[in-house]
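Chemist: A structural model of the following input is requested.
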Amino acid sequence: MSLVFNFIIGFLAAFVGVIPPGLLNMSAVKISMKNGRKQALLFSVGVCITVMIQTFVAFVFSRYLDKNPEIVDFLQKTALGIFICLTVFFFFIAKDTRREIPEKMNKSKTNRFFTGMLIGVLNMLPLPYWVYISISFAAFGWFSFDQLSLWMAVIGSGLGTFAMLMIYIQFFKKKDDKLVFRVNMNYIIGCITAMISIITLVKILNDL
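Modeler: Numbering: from 1, shown residues only. As a prediction, the model looks like this:
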């Protein structure tokens, strides 16, 4: 059963993690618009492979932290403050994401796969993100750190990332020859960080 839970957590956490507009999904959209969906597909596969490697490294670090509960307790309290601040920011401060997206993009169609891997490496956010996700769900008994279960979560993270990138490619439209995003993503991100804040707060209160 731990294999199934790890895969689901890996998939959903990656799927949600790629929702905010950023370097990875914006690049996939631009490549799709300029060079076609086949090139965007190659780029996305490269990104996913890098994400899977980063996820595995984060899980190895998380397994060490899981054996040191005093460190985990400190990290959870710190994360709670960070996510509360992020929730306030995305709901009340951040600018509307329904704006034009710059279309300037190198038109070279070569090595999109390796470009995806490189850009994935430049995006270091998955490392602390996966550490937090794995530690938090492990505290509830929903995540396992045995080797096979970790690999299931890693595979899930790759598939979840790929699925959201494909949705991004479908979700953008052209308007007057410019890319425009259809919804304000800040509210979605704010809801996600609010949910994570609530989960973290519940866990901290249960430990008191």
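Chemist: burial count for residue 138?
Modeler: 18 (other C-beta atoms under 10 Å). Backbone N, C-alpha and C define where each C-beta goes, glycine included.
Chemist: same question, the one 3 residues further on
Modeler: Residues contacting residue 141 under the criterion other C-beta under 10 Å number 9.
Chemist: Could you confirm it falls within a strand?
Modeler: No. Under the criterion used here (DSSP: H, G, I helix; E, B strand; the rest coil), residue 141 is coil, not part of a strand.
Chemist: Now the phi/psi pair for it, please.
Modeler: Backbone torsions of residue 141, given as degrees, to the nearest 10, read phi 80, psi 20.
Chemist: and it, how far is that from residue 190?
Modeler: From residue 141 across to residue 190, the span is 28 Å (C-beta to C-beta, to the nearest Å).
Chemist: Just the strands from this protein, written as ranges.
Modeler: 100-101, 173-175, 178-180 (DSSP state E).
Chemist: quick one, what contacts residue 199?
Modeler: By C-beta atoms under 8 Å, 6 or more residues apart in numbering, the contact list for residue 199 reads residue 136.
Chemist: buried set for stretch 49-60?
Modeler: 49, 50, 51, 52, 53, 54, 55, 56, 58, 59 (16 or more other C-beta atoms under 10 Å).
Chemist: Kindly format the C-alpha coordinates of it as PDB.
Modeler: In PDB, the C-alpha atoms belonging to stretch 49-60 read as follows (Å, rounded to 0.1, in the frame of the first residue of the first chain):
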ATOM      1  CA  ILE A  49      14.100  13.600 -16.000                       C
ATOM      2  CA  THR A  50      15.900  16.400 -14.100                       C
ATOM      3  CA  VAL A  51      13.000  16.800 -11.700                       C
ATOM      4  CA  MET A  52      13.100  13.100 -10.900                       C
ATOM      5  CA  ILE A  53      16.800  13.300 -10.100                       C
ATOM      6  CA  GLN A  54      16.200  16.300  -7.900                       C
ATOM      7  CA  THR A  55      13.300  14.500  -6.200                       C
ATOM      8  CA  PHE A  56      15.400  11.500  -5.400                       C
ATOM      9  CA  VAL A  57      18.200  13.600  -3.900                       C
ATOM     10  CA  ALA A  58      15.600  15.400  -1.800                       C
ATOM     11  CA  PHE A  59      14.100  12.100  -0.600                       C
ATOM     12  CA  VAL A  60      17.600  10.800   0.500                       C
END
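Chemist: Now it: average pLDDT?
Modeler: For stretch 49-60, mean pLDDT is 91.
Chemist: Just the endpoints, please. Distance across stretch 135-152?
Modeler: With C-alpha to C-alpha, to the nearest Å as the measure, stretch 135-152 spans 16 Å from end to end.
Chemist: which other residues reach it?
Modeler: Applying C-beta under 8 Å, 6+ apart, the contact partners of stretch 135-152 are 2-7, 9-10, 56, 59, 62-63, 65-66, 72, 75-76, 133-134, 153, 199-200, 203.
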